[in-house]
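[1] my questions are about this predicted structure, shown below with the sequence.
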Amino acid sequence: MSTPPSPPNDADELQPPPPPAQISASLPIFTTIQTSQQSNGLKFGDYGSYHKYCTRRLRRVRIKISATNRSSEKNGRSLKYAKRPISPDLTIITKEHLEIMLFNTERAWSHAMSIKESMLQSSNSTSKPPSGRRQAFLRRLKKAEVLASAMESIACTGNVADDRTKVEATAYRGSIKGAYMMERERWSSAHGAYTLSHTLLLNLSKLPTLTRSEVEVMKDRARELEPSIRYCKYNMQGEEGEEEDENDVVGRENVELLENMLKESDKGMDDEQGSGNGGEDGEEDDYVTFRESKVSLAPNSVRLAYLRVKEGIRELTLKGTSSGEEGERAYVKALTEADDFIEVVERETERLNNSNLTPAISNKLGNLKLVASMAMHLKLNCSGIRGEQIVKHLKSRTGTSPSEFVHLYDSLLQNAREILQVGGGDDSDDFALSGKALVLRLRALRARHVGAFYEQTAQYEKAISVLGHAQNLATDAAENYQALDEGREEIGEMSELEEKVTGDKTRSIAKLYLKSIGRKDGAVSKNLTERLGKYSSCIDPYTGRVNVSSVNLLRSVYAKPTFFDIANNYAEIPRLEE
């Protein structure tokens, strides 16, 4: 006999269905705001237009998810304002919810910057700025910092957002907080917030899942923070540290989260490469050769700083050739990256010195000593590249005095001698020999302009002596470059310099002779036709004519046709086709 079915339980019927599972929202924060800012006014510094755009976008997103700040009463008419905040208590938090919080922050920030811009315009004009504008500016900036912290808190709650969005939210909050704290002149807090954001952005740019444009966005944002970090560090000397708030703890947790993400991505890349290549590609990225020694770029902070310096030098080489502010900005940027590299190496060295001295630690300290020498060499190299670019710019100008070149080559010589003093290798290695060849080359170029200065000031004896010394230096420099089996361009430059110096020296000898047969004030007592026979020391004994083939620097002079008829009887003019 079958058992009758049991009656339904009322409690089961009344039990609500389980809530839908939360899917991690993904919002590329920095890519989103970069696109919005560049397309809506900030490309031209128009904060007011960007503020209006944020308001319009917030309205569109709220309508999309039915989250407008109004409550509907009878007949569907909105009669009463009712704020609808976004909190972790919501059943599901989507990408649109995070976007609302992001553009709320952006709207408050752009409003604050618009107020600050109006304050600056008022201070530059004769009108008195309105009272209370700075307080209004600080209130809006404080609101932006509170909203950014709220977005980070919600994004980092449980499974609300994916790992990348959590890290970006922390980096974004750090940049907003740093701006607010710097305006309040709380340098320690501002420096900590900016440094956290800068570190996260640089590490985010290394994620293999990012596109090339996203990597550039992360790097650009990190570069924008660097001047503020240095300014805060300068002003926080002697200032006591402040207690960290709850968001700073979350920020440290996200730093660890990002490090784990990078380790997992590196492990995945190693697995994809397989065992066929033995990991050689990765090894090339972690080691460089300096002064015939293999130098490790561990830890990762040292490697990142090294790559930033190389990128800065590359931009200096490309953009530094242009005159004006662009070349100077590229030089300052490269020099700043080199200083940061030196600082990173010093911090890592200090950290290892404070730990227990073991054989492994001792090896790392020896490696860091080589890295420190390489960092100093890169910094000096930046100055050398910029100096050579300025020399080319001066040569392209007309009317540049020899003294300007002499002063410039003095600084380049000092820089080259400091490169020779960089430790880390043998004095007979190619690095040292190349440095000595560079010093000889710069000395030869400087001596030629010193000779030109003496010739310009009618000190012909000194000019002849210095130009002869320049010839010897140019010859020695060319021989050194040939011994290194490199520097073909420099060898050609030195050969050309020898020819030019020979012409300069011959001209100085001629001017000295003309001066010696004239009156004390330099003027001659007879005209040219009466003096041509007196130049016996310049006449070739075999041909009886003046040999001017060594004077290869032709200069235009004003003269009557008769002059050339008379000169043709005394001078052997070189044939142009030869």
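    That came in fine, so what should we check first?

[2] quick one: the strands in the protein, in order.
    Ranges of strands in the chain, per DSSP state E, are 70-72, 78-81, 287-290, 293-296, 546-547, 571-572.

[3] any weak-confidence spans in this protein?
    The model of the chain has pLDDT under 70 over residues 1-23, 70-82, 88-89, 91, 124-131, 237-285, 320-324, 423-428, 485-487, 517-578.

[4] which elements pack onto the longest helix anywhere in it?
    What stands out as the longest helix in the chain, according to DSSP state H, is helix 359-396. Other elements packing on helix 359-396 under the criterion 3 or more CB pairs under 8 Å, 6 or more residues apart in numbering; DSSP states H and E are strand 287-290, strand 293-296, helix 300-319, helix 325-353, helix 402-420. Heads up, the C-betas are built off the backbone N, CA and C, glycines and all.

[5] dump the ones you listed to a markdown table, plus distance to Met181 and mean neighbour count.
    Listed next are the helices and strands packed on helix 359-396 as a markdown table, based on distance: least, CB to CB, whole Å; neighbours: other CB atoms under 10 Å:
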| stretch | distance to Met181 | mean neighbour count |
| --- | --- | --- |
| strand 287-290 | 38 | 14 |
| strand 293-296 | 37 | 16 |
| helix 300-319 | 24 | 18 |
| helix 325-353 | 21 | 18 |
| helix 402-420 | 38 | 17 |
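
[6] residues in contact with the residue most central in space within the chain?
    The residue lying closest to the centre of the chain (CA atoms, centre = their mean) is Lys333, at 3.2 Å. Lys333 sits next to Arg223, Gly312, Glu315, Leu316 when contact means CB atoms under 8 Å, 6 or more residues apart in numbering.

[7] now do it against Ala474, distance only.
    34 Å (CB to CB, to the nearest Å).

[8] could you do Pro227 as well?
    Counting by CB to CB - Pro227 and Ala474 are separated by 43 Å.

[9] from Glu328, how far out is the closest residue to Cys382 other than its chain neighbours?
    Among residues not flanking Cys382 along the chain, Ala334 sits closest, at 4.6 Å (CB to CB, 6 or more residues apart in numbering). Using CB to CB, Ala334 is found at 11 Å from Glu328.

[10] please apply the same query to Asp162.
    Going from Asp162 to Glu328 by CB to CB gives 42 Å.

[11] next one: Leu120
    For Leu120 relative to Glu328 (CB to CB), the value is 24 Å.

[12] do Tyr47 as well
    Using CB to CB, we find Tyr47 at a distance of 28 Å from Glu328.

[13] give me the number of residues near the closest residue to Ile65 other than its chain neighbours?
    Spatial nearest neighbour of Ile65, chain neighbours left out: Glu96 (4.8 Å); criterion: CB to CB, 6+ apart. Residue neighbour count, defined by other CB atoms under 10 Å, stands at 16 for Glu96.

[14] swap in the one 4 residues further on?
    Counted with other CB under 10 Å, the burial measure for Ile100 works out to 22 neighbours.

[15] likewise for Leu357?
    Neighbour tally, Leu357, other CB under 10 Å: 10.

[16] just Gly41 next, same as before
    A count of neighbours around Gly41, defined by other CB under 10 Å, yields 18.

[17] in contact with Arg57, which residues?
    Ser36, Phe103.

[18] sorry, that was for Arg308
    Contacts for Arg308 were tallied using CB under 8 Å, 6+ apart; they are Glu337, Asp340, Phe341.

[19] for Glu315, see how far away it is.
    From Arg308 to Glu315 the distance is 11 Å (CB to CB).

[20] how far out from the middle of the chain is stretch 169-187?
    Centroid displacement of stretch 169-187 relative to its chain, using CA atoms, centre = their mean, to the nearest Å, is 23 Å.

[21] ok, now stretch 165-181?
    Distance, stretch centre to chain centre, for stretch 165-181: 23 Å (CA atoms, centre = their mean).

[22] send me that stretch as PDB with only the CA atoms.
    Taking C-alpha atoms only, stretch 165-181 is exported to PDB below (Å, rounded to 0.1, in the frame of the first residue of the first chain):
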ATOM      1  CA  THR A 165      39.500  47.200 -10.200                       C
ATOM      2  CA  LYS A 166      40.300  47.000  -6.500                       C
ATOM      3  CA  VAL A 167      43.900  48.000  -7.200                       C
ATOM      4  CA  GLU A 168      42.900  50.800  -9.500                       C
ATOM      5  CA  ALA A 169      40.400  52.100  -6.900                       C
ATOM      6  CA  THR A 170      43.200  52.300  -4.300                       C
ATOM      7  CA  ALA A 171      45.500  54.100  -6.700                       C
ATOM      8  CA  TYR A 172      42.800  56.500  -7.700                       C
ATOM      9  CA  ARG A 173      42.000  57.300  -4.100                       C
ATOM     10  CA  GLY A 174      45.700  57.800  -3.300                       C
ATOM     11  CA  SER A 175      46.000  60.500  -6.000                       C
ATOM     12  CA  ILE A 176      42.900  62.400  -4.900                       C
ATOM     13  CA  LYS A 177      43.900  62.200  -1.200                       C
ATOM     14  CA  GLY A 178      47.400  63.300  -2.000                       C
ATOM     15  CA  ALA A 179      46.000  66.400  -3.800                       C
ATOM     16  CA  TYR A 180      43.800  67.300  -0.800                       C
ATOM     17  CA  MET A 181      46.600  66.800   1.800                       C
END
